[in-house]
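**Student:** Pasted the sequence and its predicted model underneath.
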Amino acid sequence: MQWMPLQCESELDWICKIPKGAVEPDATEEESISTEWVKFQEAEYKIFDHRSTWNQAERICTWFHSFLVSVHSPEEHAFLMQSLQKVTKVEGHLWWVGLHTQENDGRFYWADGSVLNYVTWATGKPRPVSRDRKCVYMAANKEEWGDQKCFSDLPYVCKRFSVSSVTPPTKAPPAPPEGCPDGWAPFLRKCYKVYGYQDTKRVTWSGAKTLCASQGAGLAVLTDPLQQAFLTTLLPNSSFSLWIGLSDAERQFQWINKDPLSYSNWAPGEPVGRRDLLPTKPVNCVVVLHGNPKKNAAMWAARRCEVDRHGFICQKSKDKNLPPGLDALPPPASRTLEFGGVTYRVLTRPLDWTGAVHICDSLNATLASIQDPFQQAYLTLLFSTLQRPTWIGLYGYGARGYSWQGAGPVTYSNWWNGKPSHTMGCGHMTLTGQWGVSPCEDKLDFSICQLNTASDHSWRFSGHCPRPLGGWSWVPFRNFCYSFRLERLQQHREANKTCASVGAELLSILDETENTFVWEHLQGYEDQAQGVWLGLTVNSRGGGLTWPDTWGKKEVEFTNWEGKDANLSMLSANTCFWVQRSSGLWAPGPCTNRTRAVVCKTLQSEETSETVVSNSNGFPALVPVLVGILVLVLVLLLAVVAFLYRRGRGRSRGAFEGARYSRSKSTPEGQQEKNILVSDMELNEQSE
């Protein structure tokens, strides 16, 4: 163990030392600590008057199963000020609270993850949005907050909740059949409509409230990420901000229907706005921003309620007297979906991140990259129906940061709590739409591909597949090429001959990722075959299963049987095996069945030129024959050319002796005679 100097601001763990034989703290210590906690409403607070950086203060709070304090009402803020004044010895003493931003992300977050529904900034605060991380402090004797760099040393307050149990939310009953009026967008049990596309239709917050009421509606209330995502999908073509039903009517942000703020989507540096001493009159009302900058589209910002004029979003319940329509969102969890000119394909088999990349690649796609809030909103709605974390095309390798697979750097982000928790790993999207990081070797139930419809796919494998010819087209995957001939319903023996005719083998599947690849590609042939044959055979000697020994993988190490593993003792040499198109599971069956199709598999070629295969059935490949014919034709042509040349040369040898080139300058009319060959014979003929 070596010692080394470091900056005193560096944050490290530490070791404490006590005399040997000292009595260890017993279980009653927690009780003595709990007496130092001060209770207010349903939370407890502990004041630490020693100075620490914000990060160190947050770490110490976690030792007590708490977080740096979050503040959600004027009453809670007044309680904290009163408590701090009892221990403050210096006028203007400042204390860390749990509000902070992340690097490269100007949005404010509470350390305990609670919603940001109350602020009381000092004049000129918060500071302008920047790439630097900022942390927030409060004054003990003034109702003012400020922000500064997080490595400053300040005292702090921890907060924990004393509620011992949480009542699980009740599940909403199924909605009765209801509909929306024409021009209103349906989502779950509500109807929404955007107003203000014309400048003359934009109004103050109270004006928007009145106009919505005239439609039997109210300003929109957004209580969860799904409602926010749906609203975002309505905004790609808007160029103006929109009022929603949120204001600081009682000096804390709450909804127009008096519901507390349980979800927020504040833009970087928000909420800001001037304070007012009238507790019941809203001063700051909330808009959702339009797309400038695009990465902040649909985020929230506080604006002056009766000064600024904006568009607005009205919301009302569906009408049971109107016929129910088909809600476009959330999208159904179908296999292929389109939004905003981008086509997505959902993979529904467990895969690690690299396996998902390979499957997408074989579909002329990449794992999805999310470039703006509108794509993010659509995928959030989609993943809410999948109910599982889903691989996306995000990956990170330490100091290089995170990038999109095939799409470059990350310019828009939606990280959980503002930043990735690991510097290395692969990205997934959670059920609520935030991004997270998992080890790349983990298997997730879903992945989402983004199809490349603009151009032909550029395969990145070093080898080559046979060139398409006569119905034989090949799909590269890892080191192999596959041809899916699902129009050919054949017996197992015929299927083997079909593949052998093009120098390939009947399909073998060596791991789960390859099985998923095959199953994904079978989905495009729903009406043609029940499944495809496997090259798997029963060993007549030992009774086990074997693959063709073409690629050195004769042993069967991976299987995907329907139900339990196949009972090998009941199988015979007349038993063959196939992959079910509907599920990707394997099953045994008679070799003479004609409802199975053919998938051939061959190694990718290392040659620089592509191989051409014949479409003949039952005959060897014609590549050597074609090459021989071409060589023979070429030899004959060269012989004819050589004969004609020698014959002509014998006749004109004397005529071209002494030939010379004319390189004299000429007039434009004589340009055609420049650089022509003139013979002595021609000159003599001219002199005559």
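**Tutor:** All right, it came through fine. Numbers count the residues shown, from 1 in each chain.
**Student:** Quick one: residues in contact with the host helix or strand of Ala377.
**Tutor:** Here Ala377 sits within helix 373-386, counting by DSSP states H and E. Helix 373-386 is contacted from outside by 225-226, 228-230, 232-233, 235-236, 291, 294-299, 329-333, 337, 339-340, 342, 344, 346, 368, 370, 390, 412, 414, 429-433, 445-446, 448, using C-beta atoms under 8 Å, 6 or more residues apart in numbering. For the C-beta atoms, the positions are set from N, CA and C on the backbone; glycine is no exception.
**Student:** What of stretch 420-432?
**Tutor:** 225, 353, 379-380, 383-384, 386-399, 402, 416, 435-440, 444.
**Student:** Please indicate which of the residues you listed are buried?
**Tutor:** 225, 353, 379-380, 383-384, 386, 389-396, 402, 416, 435-438, 440, 444 (16 or more other C-beta atoms under 10 Å).
**Student:** okay, now Ile18: neighbour count?
**Tutor:** 8 (other C-beta atoms under 10 Å).
**Student:** Got phi/psi on it?
**Tutor:** phi -130, psi 160 (degrees, to the nearest 10).
**Student:** Is Ser83 part of a helix or strand, or is it coil?
**Tutor:** What DSSP: H, G, I helix; E, B strand; the rest coil gives for Ser83 is helix.
**Student:** Name all residues that make contact with it.
**Tutor:** 38, 45, 47.
**Student:** Please point out which parts of stretch 70-90 sit buried.
**Tutor:** 70-73, 76-77, 79-81, 83-84, 88.
**Student:** Ok, stretch 132-144 next?
**Tutor:** 133-140.
**Student:** can you map out the helices along this structure?
**Tutor:** 29-34, 54-63, 74-87, 205-214, 225-233, 353-362, 373-386, 492-500, 512-522, 623-652, 680-687 (DSSP state H).
**Student:** okay, the ones you listed in TSV with distance to Pro186 next?
**Tutor:** What follows is the helices of the chain, written out as TSV (distance: least, C-beta to C-beta, whole Å):
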stretch	distance to Pro186
helix 29-34	51
helix 54-63	43
helix 74-87	38
helix 205-214	17
helix 225-233	10
helix 353-362	32
helix 373-386	13
helix 492-500	50
helix 512-522	32
helix 623-652	60
helix 680-687	92
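**Student:** Of all those helices, which one comes closest to Gly146?
**Tutor:** Minimum separation from Gly146 across those (C-beta to C-beta) falls at helix 54-63, 13.0 Å.
**Student:** Packing partners of that closest one?
**Tutor:** strand 43-52, strand 67-68, strand 94-102, strand 154-161 (3 or more C-beta pairs under 8 Å, 6 or more residues apart in numbering; DSSP states H and E).
**Student:** and with 6 Å instead?
**Tutor:** The helices and strands touching helix 54-63, judged by 3 or more C-beta pairs under 6 Å, 6 or more residues apart in numbering; DSSP states H and E, are strand 67-68.
**Student:** tell me what the strand it packs on is packed against?
**Tutor:** helix 54-63.
**Student:** now the helix it packs on against strand 94-102, angle please.
**Tutor:** Interaxial angle, helix 54-63 versus strand 94-102 (axes from the mean of the first three to the mean of the last three C-alpha atoms, to 10 degrees): 100 degrees.
**Student:** quick revisit: just the buried residues of the contacts of helix 373-386.
**Tutor:** The neighbour-count test (16+ other C-beta under 10 Å) marks 225-226, 228-230, 232-233, 235-236, 291, 295-299, 329-331, 337, 339, 342, 344, 346, 368, 370, 390, 412, 414, 429-431, 433, 446, 448 as buried among the contacts of helix 373-386.
**Student:** Tell me the bridge partners for Val599.
**Tutor:** Val599 has these beta-bridge partners by DSSP bridges: Phe484.
**Student:** how about it, what does it touch?
**Tutor:** 484, 507, 532 (C-beta atoms under 6 Å, 6 or more residues apart in numbering).
**Student:** could you redo those as TSV and give each row pLDDT, neighbour count and distance to Ile313?
**Tutor:** Shown next, in TSV, are these (pLDDT from 0 to 100; neighbours: other C-beta atoms under 10 Å; distance: C-beta to C-beta, whole Å):
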residue	pLDDT	neighbour count	distance to Ile313
Phe484	92	22	48
Leu507	95	24	53
Val532	95	25	51
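**Student:** Quick check: Thr101 vs Pro268, distance?
**Tutor:** Using C-beta to C-beta, to the nearest Å, Thr101 is found at 8 Å from Pro268.
**Student:** now do Tyr118
**Tutor:** From Tyr118 to Pro268 the distance is 18 Å (C-beta to C-beta).
**Student:** pLDDT below threshold where in the stretch 351-500 of the chain?
**Tutor:** 399, 418, 421, 454-463 (pLDDT under 70).
**Student:** hey, where'd the strands end up in it?
**Tutor:** Under the criterion DSSP state E, counting those that start in this stretch, the stretch 351-500 of the chain contains strands at 365-367, 390-397, 402-404, 408-409, 424-429, 435-438, 446-451, 475-477, 480-485.
**Student:** strand partners of the third one, parallel vs antiparallel please.
**Tutor:** Sheet pairing here is set by DSSP bridges, and for strand 402-404 it gives strand 390-397 (antiparallel), strand 408-409 (antiparallel).
**Student:** Mind listing residues that contact the last one?
**Tutor:** This points to strand 408-409. Ser403.
**Student:** same thing but 8 Å
**Tutor:** Where contact means C-beta under 8 Å, 6+ apart, the residues beyond strand 408-409 that reach it are 401, 403.
**Student:** Run through the residues that contact His50.
**Tutor:** Pro155.
**Student:** An error on my part: the question was meant for Trp404.
**Tutor:** Applying C-beta under 8 Å, 6+ apart, the residues near Trp404 are 369, 393-394, 410.
**Student:** And stretch 81-91, how far out from the chain middle?
**Tutor:** 48 Å (C-alpha atoms, centre = their mean, to the nearest Å).
**Student:** quick one: average pLDDT of it?
**Tutor:** Computed over stretch 81-91, the mean pLDDT rounds to 83.
**Student:** What about the closest residue in space to Glu306 that isn't next to it in sequence, how many residues nearby?
**Tutor:** In this structure, Glu306 finds its nearest non-sequential neighbour in Thr204, 5.1 Å apart by C-beta to C-beta, 6 or more residues apart in numbering. Neighbourhood size, Thr204 [other C-beta under 10 Å]: 19.
**Student:** Does Thr204 touch Cys305 like I think?
**Tutor:** Yes - using C-beta atoms under 8 Å, Thr204 makes contact with Cys305 at a distance of 6.6 Å.
**Student:** how close does Tyr263 get to His428?
**Tutor:** Taking C-beta to C-beta, one finds Tyr263 at 22 Å from His428.
**Student:** Looking only at neighbour counts, state which of these two leads.
**Tutor:** Using other C-beta under 10 Å as the criterion, Tyr263 and His428 rank with His428 on top: 23 against 14.
**Student:** What's opposite that one in the beta bridge?
**Tutor:** Beta-bridge partners for His428, by DSSP bridges, are Trp391, Gly436.
**Student:** could we number from 770 for the rest of this?
**Tutor:** Fine by me, first position is 770 from now on; the one you just mentioned is His1197.
**Student:** separation between it and Met907?
**Tutor:** His1197 sits at a distance of 37 Å from Met907 (criterion: C-beta to C-beta).
**Student:** Same question for Trp806.
**Tutor:** From Trp806 over to Met907 (counting by C-beta to C-beta), the distance is 19 Å.
**Student:** same question, Pro1092
**Tutor:** Taken as C-beta to C-beta, the span from Pro1092 to Met907 is 55 Å.
**Student:** what does Asp901 give?
**Tutor:** Note on Asp901: its distance to Met907, by C-beta to C-beta, is 20 Å.
**Student:** got it, and Lys970?
**Tutor:** On the measure of C-beta to C-beta, Lys970 and Met907 end up 41 Å apart.
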